[in-house]
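1. Here's my sequence, what's the structure:
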Amino acid sequence: MDARAWRLDALRDKTVFEVDFPATQQYKLDRIAESTPPTDIRYVSVDFETERFSGRLRRAGFVPTEPSVWIWEGVAMYLPVVTVSDTSGQITSLAAEGSPLAMTYRVPDRLPFGTVGRAAIPALFAAAGEPLKSTLEPSELASALAADHRPRAVVASRGSEPAVKPSSVRRTTPTALKWLCQSSQRRTS
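-> Numbering: from 1, shown residues only. Now for the predicted structure:
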């Protein structure tokens, strides 16, 4: 359960839009019902497999022309590749130029414990009711993010060449995400 807006000082004077599956989001809201958030948090419920989130995000007050930081963690591997691609396109169309995206995704054949892990881990997630539905190579993710080449995008185009290349899709760490939020705050303040 994400709680960045509650714990990161870099977000204190920012508006945070938390987009999540309806049941998960309701669980969070029930748990924090008596608490006062440290910043402006706007909750947007969406089932990524059956609904688009871009309109809901705008109705919640998101302004596409303003710089933003996108953090999409712990979601992509549970969605079909077509849904990951559609969601990436929505992010690309909503994000102002220069707005960074940090996300987690599952790379094919990159599970711990070798062959046993590649068989057992997806089976365990499926048995828990959370099947792992997609894997992406960094080059596939880069293509999905650069698909529409809009000038105002997470990944802006440079002439006829997309700015996103497989080499720009990298692993990150919590420290890097904290830096990303702080760096973005300096640029937008």
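
2. ok, and the closest non-adjacent residue to the most centrally placed residue in the chain?
-> Nearest residue to the geometric centre of the chain (C-alpha atoms, centre = their mean): residue 72, 1.6 Å. Among residues not flanking residue 72 along the chain, residue 103 sits closest, at 3.9 Å (C-beta to C-beta, 6 or more residues apart in numbering). For the C-beta atoms, the positions are set from N, CA and C on the backbone; glycine is no exception.

3. Wait, a strand at residue 41?
-> Yes: assessed with DSSP: H, G, I helix; E, B strand; the rest coil, residue 41 lies in a strand.

4. Wait, it touches residue 4, no?
-> No: at 9.8 Å, residue 41 does not count as touching residue 4 under the criterion of C-beta atoms under 8 Å.

5. Could you tell me which residues touch both of these two?
-> By C-beta atoms under 8 Å, 6 or more residues apart in numbering, residue 41 and residue 4 have these common neighbours: residue 16.

6. Can you check what pLDDT the model gives residue 181?
-> What the model reports for residue 181 is a pLDDT of 43.

7. Can you show me the helices along this structure?
-> 4-7, 22-31, 54-59, 81-94, 114-127, 138-145, 174-188 (DSSP state H).

8. closest one to residue 66 among these?
-> Closest approach to residue 66 among the helices of the chain (C-beta to C-beta): helix 174-188, 7.5 Å.

9. just to revisit the earlier point, near the residue nearest to residue 72, how many other residues are there?
-> By other C-beta atoms under 10 Å, 20 other residues sit near residue 103.
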